[in-house]
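Enquirer: Sharing a model prediction with you, sequence too.
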Amino acid sequence: MRLGFILSAVFLVLAGMAAPAGALPAPMSQSELLHRSDLVALIRVLSVTCTSVTKDEHTGEDLPSYSANAELMEIIKGEEMKGDDVTISFHATPTGALGPWTVFYYPGEIVWTHLVGKDNNYTTTWWNGKGRIVSNAVITELPTTPGETVEVPRRSGQSRN
């Protein structure tokens with residue numbers, strides 16, 4: 001009887017510790033990401049600009065917003081053309097926030113990604129929309145001052161649309 005009580009108590013404690021993880025939205029499956037995305041492509045991130053910094057109302061933390069310029073290297077889905085440049089917007093979330101809510105892009109990385117938007121302006125479809133990294137970033141520290149840009153040179157012979 002006593003062992004049953006102890007096991008029940010341990011189970012309840014473990015269940016309570018797991019409860020916050022239940023609040024995370026599930027990752028989208030590859031088929032759902034494909035269906036919900038307007039553009040699925042292999043991109044090379046050319047630059048990232050800090051567009052603004054806002055103070056989080058709960059933590060007081062300064063949170064930068066960004067605009068990445070990326071070249072489309074291969075396209076699985078979308079109206080854009082190989083060689084076109086697209087803009088991808090993203091923003092930081094408070095340190096310690098529950099869940100991987102923000103997808104960051106870094107200059108020089110070549111990565112498969114799922115995007116929503118149109119007219120060359122996109123955001124990542126879901127928190128797991130950034131897929132397999134083909135080549136690691138050259139720059140891994142993003143700017144924190146509005147208007148500041150970090151970039152890698154465009155490879156010679158690349159188009160510029």
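Expert: Cool, got the structure. Numbers count the residues shown, from 1 in each chain.

Enquirer: Centroid-nearest residue for the protein?
Expert: Val103 (1.4 Å; CA atoms, centre = their mean).

Enquirer: tell me the phi and psi of it?
Expert: With angles defined as degrees, to the nearest 10, Val103 sits at phi -110, psi 120.

Enquirer: do Ser31 as well
Expert: The phi/psi pair for Ser31 (degrees, to the nearest 10) is phi -70, psi -40.

Enquirer: Check Lys77 too.
Expert: According to degrees, to the nearest 10, Lys77 has phi -150, psi 140.

Enquirer: and the closest residue to it other than its chain neighbours, how many neighbours?
Expert: Once flanking residues are discounted, Lys77 sits nearest to Val40: 4.2 Å by CB to CB, 6 or more residues apart in numbering. Where C-beta positions appear, they are placed from N, C-alpha and C, glycine not excepted. Applying other CB atoms under 10 Å, we find 20 residues neighbouring Val40.

Enquirer: what separates Val40 from Arg132, distance-wise?
Expert: 12 Å (CB to CB, to the nearest Å).

Enquirer: Quickly list what's touching both of these two.
Expert: Residues touching both Val40 and Arg132 (CB atoms under 8 Å, 6 or more residues apart in numbering) are Trp112.

Enquirer: what residues are up against Ala92?
Expert: 63-66, 102.
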